[in-house]
Structure formats: C-alpha cells, structure tokens
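Engineer: Fold the following for me, if possible:
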Amino acid sequence: MDGIHSPLYRFYQQCTHSARGYNSFMAYNIKNGLSNNLKKVESKSANITGAHKGWTSLPISKISQAVSLALNRSYVIVPGLFSILYGGRVALARATPDMDFIHPRNTLYMHAQDGHAFFTGLVHSIFEGFVLLFRGIYLTILFTPSITMAPFADAFGPRFRKMWLEVVHRTLERAGPAFIKWGQWAATRPDLFSSDLCAQLSKLHTKAPEHSFSYTKKAIEKAFGRKISEIFDDFEETPVASGSIAQVHRASLKYRYHGREIKPIDVAVKVRHPGVGESIKRDFEIINMFAKMSKAIPALKWLRLDESVQQFAVFMMSQVDLAREASHLSRFIYNFRRWKDVSFPKPVYPLVHPAVLVETFEQGECVSHYVDGMQGNERLKSALAHIGTHALLKMLLVDNFMHADMHPGNILVRVPQSKSSRRRISKTKPHVIFLDVGMTAELSKNDRGNLLDFFKAVASRDGRSAAEATLRLSKNQNCPNPEAFIKDHVSLQISNHMI
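Structural biologist: Numbering: from 1, shown residues only. Next comes the predicted model:
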C-alpha cells in the first residue's frame, strides 16, 4: 500500500505526534517533502518493527523512538538532516528495492559528490577566511579610539573622561554580542573597574542595540507558521528590553479552551537578533587567535586566556538557542518548586523555537533599584541578600545547575502591594524572579566534590582541609610551594580562633 497507509508515513506521524504539539508549528516544513517521497515507495522499502507501549498504540521500534526523541529536541537541524538522509535512503530503495545495501562510496556518483563537497568546502573556507580578515580589520578600527584615549582619560579632566566612557560604551555596542556580553560582565565587577565605568556599562544590561519590528514579525511568523495576529491579541512593537542575544516584546496571547475564549495572557516574546550566532562564532575565532598568541608572552601565560575564551564561547553559544533556554526554565522551575520567594518565567508551549521564545511576563523592578537606588530600608536589602545567597547556594551545592548570567538586568524583585507604600517596602517579604537562563553551568563530579569539601572545611574552621581543597580546584595549579600555602591557611585559622 502507498501514501498515508504506508509504514513510513505512520512513522512520520508517530514522530510528530509524540511531541504533543511541541514542534507542531515546525512539522509542516518537512511534511510535504516526506509525503511526496513516501507516495512513490513501497512499504517494504522501510520495514519498521517493534512495538512502543508508552506514547501511543502504533507499533514503533526502539530505533524510531530514538529518532523521534531527536526530532522533538532538535527542532530545526535534526529534522533537516533527517529529511535529507531519509530522502537519500528512499531514492536508493526506489532504484534497487530488492538488492542488498551497497556502500554509497563505491559508486562513481558518490565519488563525484565527494569531489563537489570538497570543492564547496574549500570555497567556503576561503570565503570565511576573508570574512574573518575584514572583521578583524573592522574591530581594530572600531576599538582604536577608545584604546588611544584610555591613557589620557584622567589627565584631561572630568569632561574628557566622560567622553571616553561614552566612546567605550558605544564601541562595545557596535562590536557585537560577544563584546556586549563582556561589557555586561565588566559592569558587575567594581572590584576590577572604576565605578563610573561600571555605571556606564550597566546600560548594556537592558539597553543593548535593538533590531527592527519588521524582523521581529518575520521571525515569529517563520518560527510558528502563523500570522502574528493569529497568535497574539496585542503586540507591543517597542521592546521592553534588549540584550546581547535577543530582545523582549510584551504581548497578549490569544487563548481558547473548547471553543470558549478566555482572558488573554500577558507574555514576554523573546526574539533572537539576526545573525547573532554567526557573529559570535567569528568574533570568538578572532579573540581565540589573540588568546593563543598571549601564551607566547611569559607575563600573560599564567592566565590561560585560550581556555577561558573557549569556555566563554561555549556559554555564549548555548544562549543562542532559545529552545534550550526553555528547557532550562523548566528545570529551574522544578528545582525551586517548593520555594515561595523565588520563581522563574514559565515557557508557553508549543510557542518555543530556537529563534523565538514565548514565556509568561513577570512584573517587577530591577534588583539594582532596591540595592543601589534606595536609601535606607536595610531590612529589605537584608532579605534580598538572604534570598539571593540561599538561591545561589542551592543551585551550586544542591542542584549542581547554576544560572551563569545573574547580572542585575536578569534579576527582578516584586514586593506585595499594600495600602501604605512605606509599610509595603519595610514590612513585606520580597519575591525574586530570575530571568534569561540561557547561560547555565554544571560542575564535574570531581570539582563539585572539591567545592563541597572546601565549604565543609570553612564551616568547621579547618584551615588545612580548606587549603588542600583550594589547591585541588585548579586542574593545572602551579603553586610554587603548596605546603607553605597550606601553613598560611592554618595560621590564618589559628588567628581567627584567637579573635
């Protein structure tokens, strides 16, 4: 039998059905290509056996379960590769339906294909080389003014310094997402940078460059396969915030239940900036080249900048996939399910895509408003410090799943309303909302064990054990005298006991 009654088509239906609507808006992109091939193939060209009792009553083998899971979790890349590879298998089955499988590399056709792939790859590599060259020249020209002005920032008075700070801010904005992310990090390190520079760079937390609404509309409609007016009752064209990876719009989601319309839900629509993934990859290739060159300088070799850059690049690239962020949100929500004073936005399935993420809109003030912008109210600040510290320690020590991008722009504070604003601030307990969880970190089993040993040693005031755990935390530690380092910690422990 052909067409929709063939085992292949049932397998395709199983793959899309098992997602429970998770990627329903993406499924139609590969449906036509698959169904057209399937109509021309006999059922014996792909004999799928086995039974699957968990998801549905249709028979499905363990292999098809794995493929189905991959389809549900990969959204774009895996379905595309699946359709290409599957199309090749179908073509081979049509040509030789009763023959044994012949390795495709034994055919002249595949040799020609290999040659074509090699030539295409060579051309692409040359093109990428030129792109990196011009990108490097552009960044050099872009950073020259701020670097040239830096030595004279304090010498020419406060007006010149203010102008230099503005130049640094604008330079990082124009340099792209990797440098914006660095600026966001630098703004949270007043121990390393001056307070006025940190204040200037803090604008990058929520006011990074924005893309146009026309691109936002196009990205949403492409991701979900519907007009934006069919998904949302109301959509604010001006973003409420913009970061290094994406910008956020406020909208009202149309919601119907069994034919009845229910009050629209306020949601935050996170849309990825155009070309952000390619930009990050190229910038980190350039940065990594300079980091490797730094290993030749003895004064910089100990920093191991190449390792730091590679780790940071991995974290940055994980933020590009907004569908991954949705899975992180679900995991954090589960981990903090019993906490009443900490919460996270809830992803709105099936409106989840690598380029667009719809989540619940969370009300609140930026944490810096309460910590830096409000005089007094020590009780509220103490409560915020208590909640934040306990949440971080839970992520680090209990769950081993940490929010790795907790700058002030990603932390909201909600204080329950009260008749008296003064009483509302001073008497009620604040609620903390963590946003933008695309960048996360997990410790290896060895590192986590060392960290737990360190905290236990500190809690028990065991200086020797704390020093030994500290040395073990570094993979390539080159302490010239570890025993002296341990003795210093022991003496520090004794002096603390005396105090």
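
Engineer: in the stretch 301-450 of the chain, what spans have low per-residue confidence?
Structural biologist: When residues are selected by pLDDT under 70, those of the stretch 301-450 of the chain lie in 301-305, 373-376, 417-427.

Engineer: Okay, strands next: where are they in it?
Structural biologist: Ranges of strands within the stretch 301-450 of the chain are 342-343, 347-352, 356-360, 365-366, 402-403, 411-414, 431-434, 440-441, based on DSSP state E, counting those that start in this stretch.

Engineer: With mean neighbour count as extra columns, can I get those strands in CSV?
Structural biologist: C-beta here means a position set from N, CA and C on the backbone, and glycine is covered the same way. Shown next, in CSV, are the strands of the stretch 301-450 of the chain (neighbours: other CB atoms under 10 Å):
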stretch, mean neighbour count
strand 342-343, 19
strand 347-352, 20
strand 356-360, 23
strand 365-366, 17
strand 402-403, 20
strand 411-414, 20
strand 431-434, 19
strand 440-441, 18
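
Engineer: With distance to residue 206 as added columns, please give those in a markdown table.
Structural biologist: Output for the strands of the stretch 301-450 of the chain, formatted as a markdown table (distance: least, CB to CB, whole Å):
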| stretch | distance to residue 206 |
| --- | --- |
| strand 342-343 | 20 |
| strand 347-352 | 21 |
| strand 356-360 | 17 |
| strand 365-366 | 8 |
| strand 402-403 | 17 |
| strand 411-414 | 11 |
| strand 431-434 | 14 |
| strand 440-441 | 20 |
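
Engineer: of those, which approaches residue 286 most closely?
Structural biologist: strand 440-441 (24.5 Å; CB to CB).

Engineer: so what strands line up beside that closest one?
Structural biologist: The strands beside strand 440-441 in its sheet (DSSP bridges) come out as strand 402-403 (antiparallel).

Engineer: returning to what we had before: among the strands of the stretch 301-450 of the chain, which comes closest to residue 210?
Structural biologist: Taking these one by one with CB to CB, strand 356-360 is closest: 15.6 Å.

Engineer: what angle sits between that closest one and strand 347-352?
Structural biologist: 160 degrees (axes from the mean of the first three to the mean of the last three CA atoms, to 10 degrees).

Engineer: so what secondary structure elements neighbour the lengthiest helix in the chain?
Structural biologist: When the chain is parsed with DSSP state H, its longest helix is helix 108-149. Under the contact criterion of 3 or more CB pairs under 8 Å, 6 or more residues apart in numbering; DSSP states H and E, helix 108-149 touches helix 157-175, helix 276-294.

Engineer: thinking again about what came up before, so which of the strands of the stretch 301-450 of the chain gets nearest residue 235?
Structural biologist: So among the strands of the stretch 301-450 of the chain, strand 356-360 is nearest, using CB to CB, at 11.1 Å.

Engineer: Could you name the helices and strands sitting against the closest one?
Structural biologist: helix 213-224, strand 246-253, strand 265-272, helix 322-335, strand 347-352.

Engineer: now it and helix 322-335, what's the angle there?
Structural biologist: Using the same axes, to 10 degrees: strand 356-360 against helix 322-335 is 30 degrees.

Engineer: quick one: contacts of strand 356-360?
Structural biologist: 219-220, 223-224, 246, 251, 253, 265-272, 322-323, 325-326, 329, 345-348, 351-352 (CB atoms under 8 Å, 6 or more residues apart in numbering).

Engineer: returning to that earlier point: pipe the helices and strands packed on strand 356-360 into TSV and attach distance to residue 189 per row.
Structural biologist: Formatted as TSV, the helices and strands packed on strand 356-360 follow (distance: least, CB to CB, whole Å):
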stretch	distance to residue 189
helix 213-224	32
strand 246-253	24
strand 265-272	26
helix 322-335	24
strand 347-352	31
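
Engineer: quick one, which of the ones you listed is nearest to residue 369?
Structural biologist: Closest among the helices and strands packed on strand 356-360, using CB to CB: strand 246-253, at 18.1 Å.

Engineer: Who does that closest one pair with, and is each partner parallel or antiparallel?
Structural biologist: Strand 246-253 is paired, per DSSP bridges, with strand 232-235 (antiparallel), strand 241-242 (antiparallel), strand 265-272 (antiparallel).

Engineer: So for residue 310, which of those sits nearest?
Structural biologist: strand 265-272 (22.7 Å).

Engineer: coming back round to it: buried subset of the contacts of strand 356-360?
Structural biologist: Neighbour counting by 16 or more other CB atoms under 10 Å classes 219-220, 223-224, 246, 251, 253, 267-272, 322-323, 325-326, 329, 345, 347-348, 351-352 among the contacts of strand 356-360 as buried.

Engineer: Could you dump the strands paired with strand 246-253 into TSV with mean pLDDT and distance to residue 340 added?
Structural biologist: Output for the strands paired with strand 246-253, formatted as TSV (pLDDT from 0 to 100; distance: least, CB to CB, whole Å):
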stretch	mean pLDDT	distance to residue 340
strand 232-235	92	31
strand 241-242	90	26
strand 265-272	94	22
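
Engineer: Those strands: which one's closest to residue 157?
Structural biologist: Using CB to CB, the nearest of these to residue 157 is strand 241-242, at 32.9 Å.

Engineer: Could you list the domains of this protein?
Structural biologist: Segmentation of the chain into domains, based on automatic domain parsing, reads 3-102, 112-205, 213-276+290-357, 445-498.

Engineer: Between the two ends of the third one, how far is it?
Structural biologist: From the first residue to the last, domain 213-276+290-357 extends over 16 Å; the measure is CA to CA, to the nearest Å.

Engineer: Offset the numbering so it begins at 25, please.
Structural biologist: Fine by me, first position is 25 from now on; the one you just mentioned is domain 237-300+314-381.

Engineer: okay, now residue 412: neighbour count?
Structural biologist: When neighbours are counted by other CB atoms under 10 Å, residue 412 registers 19.

Engineer: swap that for residue 388, please
Structural biologist: Neighbours of residue 388 under the rule other CB under 10 Å: 17.

Engineer: Tell me the spacing between it and residue 413.
Structural biologist: Distance, residue 388 to residue 413, using CB to CB, to the nearest Å: 19 Å.
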